[in-house]
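Student: Based on what follows, work out the 3D shape:
(chains A and B)
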Amino acid sequence: MKKLIALCLFFVSFSALALNADTTKTTTQTQIQKTSEVKTPATVEMADSFRSEGKIYILLAVVLVVLLGIFAYLFLLEKKMADIEKQLDPKYRKIRL
Amino acid sequence: MNTSSDYKNSFFSWWKIITMLLLIYTVVQGLLGPVPRLPILNETIRNLYFHVPMWFGMTFVLLLSFIFSIMYLAGHKHSNDNFAVEAANTGIAFGVLGLITGMIWAKFTWGQYWSGDPKQNASAIGLLIYLAYMVLRGSFSDDQQRARISAIYNIFAFPILFALLYILPRQAKDSLHPGNGGNPAFSSYDLNFDMKLVFYPSVIAFILLAVWITILRTRMRNADDKLNGIES
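Tutor: The predicted model follows:
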């Protein structure tokens, strides 16, 4: 358990460090990028009309349905596994993992 | 006397809940969140949130496979070999997904599904090495021999994979991938704070998902062993 907490702290501190690490670089480099870019941000084609028509939410709903379906499948697998393990070892109480 | 209240369904482990929440966050914020407007990439820049974490997930579980192979050689505990092989299985699955998502992305941005880019070639070779690991395992009939020989193969396979994916492409002369062949590393992406907010949680989410799947499959193998009378 202590090792898990240590691992999580490592991840958190790593991401905190990484996020803060190049903030000094960001402002100067974005300026350089902006002046040398041929296409200005306004002219780069993005899915603006798609979003303004609200279609992005349909895409999001589809992907979420797939994702939640996978979670439901994982739940069923876990349940089945627990049943099998309970059968194999009647004395078992709680699984480690 | 055991009732169903005796065991807790481990689906509700704290780290599994975190995995699911992070995955939902990745999808929602990944599709709805702001991204830099870059030519050539356009909206496909959002693929960064899925394609790259696949590879991190793969590398992490293949590292675990490497570690558990060493542990098996040290103690000859069969459950360690089970973990090693299932970690390799999951690693291959994530690697294939990473490859396919990369090819789809490449078709849109680089013009072809396969460009002979150093990192593309190296990742294909890396996957072939692990497929060979599975073939090697299949060639043995004796459990202990299979576990021992494939553990030794795994100990070679992982450092080679690491060099192929993370060292050699950076030394290549020319590459299409960011961070390789002299290109700036992600600098056109990770300058953007908004993308970091989705990318890092996504990496964690997919690593945890890979570990979850590996553990589940290992439990299946361990149960199988018990049914077949193999000592763990």
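Student: C-terminal to the helix or strand of chain A with the lowest mean pLDDT, what's the next element?
Tutor: Least confident helix or strand, chain A: helix A:23-36 with a mean of 48, by mean pLDDT, DSSP states H and E. Per DSSP states H and E, helix A:23-36 leads on to helix A:48-52 as the next helix or strand towards the C-terminus.
Student: B:His76: neighbour count?
Tutor: Residue neighbour count, defined by other C-beta atoms under 10 Å in any protein chain shown, stands at 14 for B:His76. The way it works is simple: take the backbone N, C-alpha and C, and place the C-beta from them, glycine included.
Student: Could you double-check that it sits in contact with B:Ala151?
Tutor: No. Look at B:His76 against B:Ala151 with C-beta atoms under 8 Å: they stay out of range, at 9.9 Å.
Student: what touches both of these two?
Tutor: In terms of C-beta atoms under 8 Å, 6 or more residues apart in numbering or on different chains, B:His76 and B:Ala151 are not both contacted by any residue.
Student: which helix is the longest one in chain A?
Tutor: The longest helix of chain A (DSSP state H) is helix A:55-88.
Student: list the helices and strands that helix packs on?
Tutor: Packing contacts for helix A:55-88, counted by 3 or more C-beta pairs under 8 Å, 6 or more residues apart in numbering or on different chains; DSSP states H and E, involve helix B:14-32, helix B:193-227.
Student: which outside residues touch the shortest one?
Tutor: Helix B:14-32 is touched from outside by A:4, A:56, A:59-60, A:63-64, A:67, A:71, B:10, B:46, B:49-50, B:53, B:197-198, B:201-202, B:204-206, B:208-209, B:212, with contacts defined as C-beta under 8 Å, 6+ apart.
Student: tell me which residues of that helix are tucked away?
Tutor: Neighbour counts over helix B:14-32 (16 or more other C-beta atoms under 10 Å in any protein chain shown) mark B:Lys16, B:Thr19, B:Met20, B:Leu22, B:Leu23, B:Ile24, B:Tyr25, B:Thr26, B:Val27, B:Gln29, B:Gly30, B:Leu31 as buried.
Student: which residues touch B:Trp110?
Tutor: Contacts here follow C-beta under 8 Å, 6+ apart; on that basis B:Trp110 touches B:Asp117, B:Leu176.
Student: Distance-wise, check it relative to chain A.
Tutor: Distance, B:Trp110 to chain A, by C-beta to the nearest C-beta, to the nearest Å: 18 Å.
Student: And for B:Asp81?
Tutor: Counting by C-beta to the nearest C-beta, the gap from B:Asp81 to chain A is 17 Å.
Student: Thought B:Ile149 was touching that residue, still the case?
Tutor: No. When contacts are counted by C-beta under 8 Å, B:Asp81 is not listed as touching B:Ile149 (10.9 Å).
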